[in-house]
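# generate a structure from the sequence data that follows.
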Amino acid sequence: MKPNSLKRRKFLKISSAFLASSTMAGGSLSFNQHKSLKAAQTSEEKVVPTLCELCFWRCGVNAHVRDGKVYKITGQEQHPLSNGRLCPRGTGGHGLLYDPNRLKHPLIREKVNGKEMFRKADWEEAITLVADNFMRIREEYGHGSVVTFTHGFGASFLKILCASCGMISAPSYAQCRGPREDAFKLTFGHSVGSPEALDIKNSQYLVLIGTHLGENMHNTAVQDFADAIGNGCRIVVVDPRFSTAAGKAERWLPIRPGTDMALLRAWIRILIEEELYDRPFVEENTVGLEEVREGVQDATPENTAALTGIAAEDIIAVARDLGRYKNHALIHPGRRVTWYGDDTQRERAIAILNALLGNYRRPGGLFKQNKYGVPKPKFPIAIVGERKFVSRYPFASSVPASEILQQTITSDPWPVKGWMVYGTNMIHSLGNQAQTIEALNQLEFMVAIDVLPMEITSYADVILPEHTYLERYDDLDDRSFRVPYVGLRQPVVPPLYDTKSGYEIAKMLSEKMGKFDLFPDDVETYLDGRLREVNSSLAEIKEKGVLKKPEMDFYRKPWESLKFRTPSGKIELASSKLKASGFDAVPRYTPPQENPPGYFRLLFGRAPMHTFGRTANNRFLGELMPENELWVNEITGKDMKLKPGEYVYLINQDGVKSKTPIKIRLTQRIRPDSVYMVHGFGHTHPELEQAFGRGASDADLITHLDIDPIMGATGMQNNFVTFTRKA
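Sure thing, here's the model as predicted:
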């Protein structure tokens, strides 16, 4: 049976009866009420180490449990990512655990008396329905006809299941840091990584280009930034908006949006022409200097000033400061770098600048990190014959989500008829919502796995509710870092509802799909087996929370010979791979799209107390920031007759209007040609009681995407908006 036989897949509300809770009074406590709980009420208290999941930094946290309830979350002193400190999101993580709007039971879409609705189901029925439909689709349409979209650490076991069953798993890298990673691979032979291999805390001169340190709140990076400030680091911020980081800078360069490449090329030109680069390092460890010299001849300070709106003397001054500090200067490569469609080449320009400074493995520069090194078990990988997803973009590390959507719509080169969506609200994250909904309408079956009823879950045939991160184990966190470590996520309280972990869901599905021996009987056995390979155990890490090795000695020695995993074995200032594939070996400037008359470029970013759209329903964090605001320059506001604090709707260049209104904030801290909002608000799912209708969603207005031709990133910042008071 094909569950979705209608021509159009409908957004369904989930009955509030399925979301109501009579079991957890803690769900109704406000942030201030939690703070006022007295120790005198304690009959039993414990502290359990685990990993945060309010963003994807995965800091080590201590959950403080009293009478079976989490009442406080603090940073693990011994964990190298938190160092005893947390951001506002991390401290409010139990707001997710006790969210009364959580998904509490499996739900199945069905049609009753001509009306579609969700009904409560047990796990056996729900898992069987998912497995049967995935196997039916694979039998009818072949391998590759079912795709998984994942975002989050808990998906690791589902990815193993996908690989064993011939289902592609599409990550979100093309919407975030993918261009950066591919650009640095092309230049240095390895990526920047996450957490980033940047020695910020020891930098003496730091340039931030659209990098919102202090607002995106990646914990260790912000701590390093604070240390750099305390150590007297000189900071330059290039941004159309006066960000939090700009408040710490000696120079704010309010660049015209889309002209960052022009500025970077000018700095490259000055470093080379005035011989301010690290000549011994460049001569010994790079190739392509003369090709770069020739390729940036047009990037004079005067030409660049006309393009960027930044004074020529400021351009020259920063370049000369970079040359002065050389090895101890750093141009930060950013994190979400999907902006204008030339993103890989812009990141290449940043990589070239850092190479010219000779800051590789020097204090304050770039370095290469190592993992702790827990061996991974070998899982079977399905043989899928000729059907392999290969991106049309030659340097894509994996197939971008936009290509999967397009193939779902067109069935070219083969049909995609089933989706599994884990922890990612694609309606709010991909841009071009119309394309996402068109793709959803082509599906025969979709399952959503989530903690909360997000917009995407309402398009599903089956909704599988997952434990929150405070109720489950996940795989070991063994990522590269300057202090090699292994972190453990473990349950700190028993599950509150009829939910399951990613491991349990993957295991149940694998058995229903005939993969009976894919996973051990329980996740504890799996984790303990991995840890035994490094002479540890699950019992040890449960108590400690983290295993560590000494901090790496990653600074290079004067006599050390460097090797890079590039075709030349050196840092490639001019990329041989790009040249061989028909792209510019040296980054070239392309003018950005102009603002239509009466429209303003839409910029968006993060706030310290929220992560994407995942935390907008968290009552603790909602008290700190209940909605977003639209930053509008005071001159623009006067011209458009806008008043501070009034609510307006936004209409973009394609005539698409925001679904919800947004509050106006008039400020001098943004260019007159641009507006800015924090991403993640404007939710339209009515069961998100805290988030529903608060603020506006930038995703509603991102109808134009500029695809990076090198690796397929979706540039989202060539959209423009104007204002209306009409609903």
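# pLDDT weak spots in the stretch 1-150 of the chain?
Residue ranges of the stretch 1-150 of the chain with pLDDT under 70: 1-11, 13-43.
# can you pull out the helices in it?
Per DSSP state H, counting those that start in this stretch, the stretch 1-150 of the chain carries helices over the ranges 16-19, 31-35, 88-91, 94-97, 123-141.
# send the alpha carbons of the longest one over as PDB?
So the one you mean is helix 123-141. These are the backbone C-alpha positions of helix 123-141, laid out as PDB (Å, rounded to 0.1, in the frame of the first residue of the first chain):
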ATOM      1  CA  TRP A 123       6.500   1.300  18.200                       C
ATOM      2  CA  GLU A 124       6.000  -2.100  16.600                       C
ATOM      3  CA  GLU A 125       3.300  -0.800  14.200                       C
ATOM      4  CA  ALA A 126       5.200   2.300  13.400                       C
ATOM      5  CA  ILE A 127       8.600   0.700  12.700                       C
ATOM      6  CA  THR A 128       7.000  -2.100  10.700                       C
ATOM      7  CA  LEU A 129       5.200   0.500   8.500                       C
ATOM      8  CA  VAL A 130       8.400   2.400   7.900                       C
ATOM      9  CA  ALA A 131      10.500  -0.800   7.100                       C
ATOM     10  CA  ASP A 132       7.800  -2.200   4.900                       C
ATOM     11  CA  ASN A 133       7.500   0.900   2.800                       C
ATOM     12  CA  PHE A 134      11.200   1.400   2.500                       C
ATOM     13  CA  MET A 135      11.600  -2.200   1.300                       C
ATOM     14  CA  ARG A 136       8.600  -1.800  -1.100                       C
ATOM     15  CA  ILE A 137      10.100   1.400  -2.600                       C
ATOM     16  CA  ARG A 138      13.500  -0.200  -3.000                       C
ATOM     17  CA  GLU A 139      12.000  -3.300  -4.600                       C
ATOM     18  CA  GLU A 140       9.800  -1.200  -7.000                       C
ATOM     19  CA  TYR A 141      12.300   1.600  -7.900                       C
END
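# chain center to stretch 704-719, what's the gap?
Averaging C-alpha positions (CA atoms, centre = their mean, to the nearest Å) puts stretch 704-719 16 Å from its chain's average.
# domain ranges for this protein?
As given by automatic domain parsing, the domain ranges for the chain are 198-367+555-580, 600-724.
# now do the same end-to-end measure for the first one.
In terms of CA to CA, to the nearest Å, the two terminal residues of domain 198-367+555-580 are separated by 30 Å.
# how about stretch 359-378?
End-to-end span of stretch 359-378 (CA to CA): 38 Å.
# start at 27 instead
Will do, 27 is the new start, and the previous item becomes stretch 385-404.
# list the buried residues for that stretch?
Asn385, Tyr386, Arg387, Arg388, Gly390, Gly391, Leu392, Phe393, Lys394, Gln395, Tyr398, Val400 (16 or more other CB atoms under 10 Å). Glycine gets a C-beta too; all of them are placed from N, C-alpha and C.
# ok, the fifth one touching Asp225?
In this case it means Gly390. Yes - counting by CB atoms under 8 Å, Gly390 does reach Asp225; the two are 5.3 Å apart.
# possible to save the helices of the stretch 27-176 of the chain as a markdown table with mean neighbour count and distance to Phe415?
Formatted as a markdown table, the helices of the stretch 27-176 of the chain follow (neighbours: other CB atoms under 10 Å; distance: least, CB to CB, whole Å):
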| stretch | mean neighbour count | distance to Phe415 |
| --- | --- | --- |
| helix 42-45 | 14 | 35 |
| helix 57-61 | 13 | 45 |
| helix 114-117 | 22 | 34 |
| helix 120-123 | 24 | 33 |
| helix 149-167 | 18 | 14 |
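# put together a markdown table for those helices, with distance to Ala252 on each row.
A markdown table is the format used below for the helices of the stretch 27-176 of the chain (distance: least, CB to CB, whole Å):
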| stretch | distance to Ala252 |
| --- | --- |
| helix 42-45 | 40 |
| helix 57-61 | 24 |
| helix 114-117 | 15 |
| helix 120-123 | 25 |
| helix 149-167 | 46 |
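# so which of these is nearest Gly663?
Among the helices of the stretch 27-176 of the chain, helix 114-117 comes nearest to Gly663, with 29.0 Å by CB to CB.
# for that closest one, what is the distance to the chain centroid?
Helix 114-117 sits 17 Å away from the centroid of its parent chain (CA atoms, centre = their mean).
# with Ala725 as the reference, name the closest of the helices of the stretch 27-176 of the chain.
Using CB to CB, the nearest of the helices of the stretch 27-176 of the chain to Ala725 is helix 114-117, at 20.1 Å.
# just checking, what packs against that closest one?
Applying 3 or more CB pairs under 8 Å, 6 or more residues apart in numbering; DSSP states H and E, we find helix 114-117 packed against strand 95-101, helix 645-650.
# between these, which gets nearest to Val313?
strand 95-101 (43.9 Å).
# who are the packing partners of the closest one?
The contact analysis (3+ CB pairs under 8 Å, 6+ apart) places strand 95-101 against strand 86-92, helix 114-117, helix 120-123.
# mind putting the ones you listed into CSV with distance to Tyr702?
Output for the helices and strands packed on strand 95-101, formatted as CSV (distance: least, CB to CB, whole Å):
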stretch, distance to Tyr702
strand 86-92, 31
helix 114-117, 20
helix 120-123, 26
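# between those, which one is closest to Pro622.
Proximity of the helices and strands packed on strand 95-101 to Pro622 was assessed by CB to CB; the nearest stretch is helix 114-117, lying at 36.4 Å.
# and of the helices of the stretch 27-176 of the chain, who's closest to Ser217?
Smallest distance to Ser217 across the helices of the stretch 27-176 of the chain (CB to CB): 25.3 Å, for helix 114-117.
# mind listing the helices for the stretch 477-626 of the chain?
With helices called from DSSP H, counting those that start in this stretch, the stretch 477-626 of the chain shows them at 528-538, 549-558, 564-570, 602-606.
# highest average neighbour count across the ones you listed?
Neighbour counts (mean count of other CB atoms under 10 Å) averaged over each of the helices of the stretch 477-626 of the chain peak at helix 528-538, with a mean of 23.
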